[in-house]
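Q: Pasted the sequence and its predicted model underneath.
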Amino acid sequence: MIDNNWTKFKVIGDFNTDIRSLYEAWATPEGLEKWFLRKAEFYTIAGRLREPEEFILKEDAYEWYWHGFDDSAVEKGQILEANGTDFIKFSFSGNSIVSINIYTRNGVSIVELTQVNIPEESDPSKNLFVQCQVGWTFYMANLKSIMEGGIDLRNKKWS
């Protein structure tokens, strides 16, 4: 049976590093900027900007900026869950929800990214299912490259 559900997907990567390092890569502004974003800003409920090495918490608001785009291309959202060890959930494009689950299997650390509530779109150029799945696949590969070899695959020359 073919699953034609275009409202959710999962991307899984294995990493030769510890769970704590992977969690820091997802749960701190500094960590996200090493492999994913040009700039990651998180704001506490009181509106204070989190420090680069400070862990995000549930209900933080975020503003994310990418290499290759100016500051008008900003993704804004909220942290829905962050347990401090191995799980993060946040709102994302088109009111979708992304969950990051980090665990160990067969001696390697696994990052399992699930994106749900993706709005269905009749215009293929606006299809978040495809755009996000391709994007997350690249960034998971870049996270692996950074964590295991220190090589950043992003093209920062367009920034």
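A: Arrived safely, thanks for sending. Numbering: from 1, shown residues only.
Q: ok, Arg38 - contacts?
A: Arg38 makes contacts with 65-67, 69, 156, 159, as judged by Cβ atoms under 8 Å, 6 or more residues apart in numbering. The C-beta positions use only the backbone N, C-alpha and C, and glycine is treated the same way.
Q: quick one, phi/psi of the residue nearest the centre of the chain?
A: Taking Cα atoms, centre = their mean, the centroid of the chain lies closest to Trp26, which sits 6.6 Å from it. For Trp26, the backbone dihedrals (degrees, to the nearest 10) come out as phi -100, psi -20.
Q: List the residues that contact it.
A: Applying Cβ under 8 Å, 6+ apart, the residues near Trp26 are 32, 88, 100, 102, 111.
Q: Restricted to helices, list the residues you listed.
A: Taking DSSP state H, the ones among those that sit in helices are Leu32.
Q: if we can go back for a sec, any idea how far the residue nearest to the centre of the chain lies from Glu121?
A: Using Cβ to Cβ, to the nearest Å, Trp26 is found at 27 Å from Glu121.
Q: and if you look at Glu63?
A: Glu63 is 24 Å from Glu121, by Cβ to Cβ.
Q: do Trp35 as well
A: 28 Å.
Q: re the thing from before, pLDDT value on the residue nearest to the centre of the chain, please?
A: With respect to pLDDT, Trp26 has a value of 98.
Q: Next: Ile97.
A: pLDDT for Ile97: 98.
Q: where's Leu32 relative to Phe9, distance?
A: Using Cβ to Cβ, one gets 21 Å for the distance from Leu32 to Phe9.
Q: Now, of the contacts of Arg38, which are buried?
A: 65-67 (16 or more other Cβ atoms under 10 Å).
Q: looking at this, Ser91 is in a strand?
A: Yes: secondary structure assignment places Ser91 in a strand (DSSP: H, G, I helix; E, B strand; the rest coil).
Q: thought it was touching Gln115?
A: No: here Ser91 does not reach Gln115: they are 10.8 Å apart, not a contact under Cβ atoms under 8 Å.
Q: what sits in contact with each of the two?
A: Joint contacts of Ser91 and Gln115 (Cβ under 8 Å, 6+ apart) are 97-98.
Q: buried set for the helix-or-strand element of the chain with minimal mean pLDDT?
A: Counting by mean pLDDT, DSSP states H and E, the weakest-scoring helix or strand in the chain turns out to be helix 128-149, with a mean of 92. Buried positions in helix 128-149, judged by neighbour count with 16+ other Cβ under 10 Å: 128-129, 131-133, 136, 139-140, 142-144, 146-147.
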